[in-house]
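Trainee: Quick one, what's the 3D model for this:
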Amino acid sequence: MDDSTPITISLHSISDQSGEQEEIRFSAPGTLYQKESATYVRYEEVINETDKVNTTIKITDGDATIIRRGAVSMRQQFIQGEQTDGTYGSLYGPIKIGTDTKSMDFKWDERTKVGALSLEYRVLFEGEETGNHQLSIRLKGERT
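Mentor: Here you go, the predicted model:
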């Protein structure tokens, strides 16, 4: 992780579940680094005074994997046009979830230190669709 770039993450999430829409926005400091053919984005989300979630996003050519650990545990993979399996941690143990990714786009400009990840997907619990989700993460690094 020697070549990590300090970045600011601006996250915007819209979830439409059974006609109920939930919108989340937050910003956090993080880091971006390259390892082999993957780009990694790491940041910490503060949910409240005592609960925090460490998030790592691994992005390769054609897929993204979001791994969350802490107050929320989750591992979800996104491949455009495909349905993938993941897990969500609950009080009763891990729950299998499916993700049907409609679109995925990632851009990072090393020169300007600006980029974005956008995902549009459906989540399935036990094969049943629970809603549509849009996730947009803007990345802005310090230019050197």
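Trainee: which residues in the chain form helices?
Mentor: For the chain, no helices turn up when DSSP state H is the criterion.
Trainee: mind exporting the helix or strand bottoming out on mean pLDDT in it as CSV, just the C-alpha atoms?
Mentor: Lowest on mean pLDDT, DSSP states H and E among the helices and strands of the chain sits strand 83-90, with a mean of 88. Extracted C-alpha coordinates of strand 83-90, given in CSV (Å, rounded to 0.1, in the frame of the first residue of the first chain):
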residue,chain,number,x,y,z
GLN,A,83,-26.6,-12.3,-10.7
THR,A,84,-24.0,-13.0,-8.0
ASP,A,85,-24.2,-14.5,-4.4
GLY,A,86,-23.1,-12.6,-1.3
THR,A,87,-23.5,-12.6,2.4
TYR,A,88,-25.0,-10.2,5.0
GLY,A,89,-24.2,-10.6,8.7
SER,A,90,-27.1,-10.8,11.0
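Trainee: What lies in contact with that strand?
Mentor: Here strand 83-90 makes contact (C-beta atoms under 8 Å, 6 or more residues apart in numbering) with 72-78, 94-101, 124. Any C-beta I mention is one placed from the backbone N, CA and C, and that applies to glycine too.
Trainee: are any of the residues you listed buried, and which?
Mentor: Buried subset of the contacts of strand 83-90 (neighbour count, 16 or more other C-beta atoms under 10 Å): 72, 74-78, 97-101, 124.
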